[in-house]
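Q: Got a sequence here, can you build the structure:
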Amino acid sequence: MRGDTYIDYPFEEVMFRWCHVEKKAYRKFYCERESGPIPHDNNLYNEALRSGDEITREAYIAGKPGSPERRNS
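A: Okay, the predicted model is just below:
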């Protein structure tokens, strides 16, 4: 059975998880919790698929700190 796929897109400080079982995508901005499902045609999700990096489940769960500029906005 294939597991979930995890993508990191540092340019926008966001990560995505594709749930293989549910066939849904989830978004997680750096320093935030995972959001509910997002549409497959979400622009940011599709940019991440083209230009992001595949990461491990562990890296996704651990998350990443966001930039100070983004945290203060």
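
Q: Just list what the longest helix seen in the chain packs against, helices and strands only.
A: Secondary structure of the chain per DSSP state H: the longest helix is helix 43-51. Secondary-structure packing of helix 43-51 (3 or more Cβ pairs under 8 Å, 6 or more residues apart in numbering; DSSP states H and E): strand 5-9, strand 14-19, strand 24-29. Where C-beta positions appear, they are placed from N, C-alpha and C, glycine not excepted.

Q: So for the second one, what gets flagged as buried?
A: Within strand 14-19, the residues that qualify as buried are 14, 15, 16, 17, 18, counting by 16 or more other Cβ atoms under 10 Å.

Q: so which of those comes closest to residue 32?
A: residue 14 (9.0 Å; Cβ to Cβ).

Q: Show the contacting residues for the closest residue to that closest one other than its chain neighbours.
A: With Cβ to Cβ, 6 or more residues apart in numbering as the criterion, residue 14 has its nearest non-adjacent residue at 5.0 Å, and that residue is residue 29. Residues in contact with residue 29 (Cβ atoms under 8 Å, 6 or more residues apart in numbering) are 13, 14, 15, 66.
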